[in-house]
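Engineer: Give the three-dimensional model of this entry:
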Amino acid sequence: MKKILGIIVFAATTLAGAKAQVAVTALNTAFSQNFDGMGSSGTASLPTGFGLNTTRNFSTATTVTTLAYGTTGTGVVNGTSSGGAINWANGITATSTDRSLGFLTTGSFTSPRTIVYAFTNNTGSLITGLNLGWDYEKSRSGSRAFDWTFFHGATATAINTAAISGDQSYAADANNTVVSNPPLSISESFSLTGLSIANSSTYYLAWNLAGNGGSTNGQGLSIDNFSLIAVPEPSTYALLGLGLGALWFLRRKKPAAKA
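Structural biologist: Okay, the predicted model is just below:
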């Protein structure tokens, strides 16, 4: 798995009656999550801001995984492994410090399944864009095709604005028995523009995983190395430019010191 370089910021805020959300406290700064802090437990607590659900709803999301699998050694995922919300390990389940968050669907743990995320704008400014990046990872093959579809929005109970730049399709494999060690990785990086996220308001992201026509023979899929950068409205840059221009003008007009 490729790790995002830079400072990882884990500020959190909790609104009354709501789950904890990530507090985005600065513009043009990466707020990142690599999921390694989940540890090795099958019932791992999710990082702040993340939840799991069957729909694109943050309000009713759960905040723990149900199983942990690795890609080698004791606890390795196999062709008959049970389905669940998975704390995936790159390596041995109990000892690997490289984790990702995702699912393995079966006839009893059905798709669609959704990872949801919430952050609060605590920058003191209007956010008009988001620069987003993450890795989609695949730990086990599956003979059913699957699709990740990405959504965003300002409503916790219905995160419904599609952004196809964040989508990823996986064709059906020949079987369910191929385990990739390390997991296969596809990097996503794109921008959401035209947003209007006011200071102190909360915004939501959702990754929806669905099997093509069913849930059995699922592929072992996850997300990793998430990064979010909030972008201010263009006028912020314009004001900064005017201020720097005025400073340059005043310095030019300043009288020379007398000898």
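Engineer: Between the two ends of stretch 138-154, how far is it?
Structural biologist: With C-alpha to C-alpha, to the nearest Å as the measure, the first residue of stretch 138-154 is 30 Å from its last.
Engineer: I'd like to check which residues are in contact with residue 112.
Structural biologist: Under the criterion of C-beta atoms under 8 Å, 6 or more residues apart in numbering, the neighbours of residue 112 are 54-55, 208-210. Backbone N, C-alpha and C define where each C-beta goes, glycine included.
Engineer: Which one (most neighbours) among those?
Structural biologist: For the contacts of residue 112, the largest neighbour count, defined by other C-beta atoms under 10 Å, is 24 neighbours, found at residue 209.
Engineer: Now that one: closest residue in space, sequence neighbours ignored.
Structural biologist: With sequence-adjacent residues excluded and distances taken as C-beta to C-beta, 6 or more residues apart in numbering, residue 209 is closest to residue 113, at 5.0 Å.
Engineer: Spell out the secondary structure type for the most centrally placed residue in the chain.
Structural biologist: Taking C-alpha atoms, centre = their mean as the criterion, residue 226 is the residue nearest the geometric centre of the chain, at 4.5 Å. Taken by DSSP: H, G, I helix; E, B strand; the rest coil, the conformation at residue 226 corresponds to strand.
Engineer: how much space between it and residue 74?
Structural biologist: If you measure residue 226 against residue 74 using C-beta to C-beta, to the nearest Å, the figure is 28 Å.
Engineer: try residue 61
Structural biologist: Taking C-beta to C-beta as the measure, residue 61 falls 30 Å from residue 74.
Engineer: Then residue 129?
Structural biologist: In this structure, residue 129 lies at 45 Å from residue 74, with C-beta to C-beta as the measure.
Engineer: For those two, work out which one has more neighbours and name it.
Structural biologist: Taking other C-beta under 10 Å, residue 129 and residue 74 do not tie; residue 129 has more neighbours (17 against 9).
Engineer: which one is that one nearest to, not counting chain neighbours?
Structural biologist: If the residues on either side of it in the chain are set aside, residue 129 comes closest to residue 231, at 3.6 Å by C-beta to C-beta, 6+ apart.
Engineer: correct me, but residue 72 touches residue 180?
Structural biologist: No. Between residue 72 and residue 180 no contact is recorded; they are 10.0 Å apart, counting by C-beta atoms under 8 Å.
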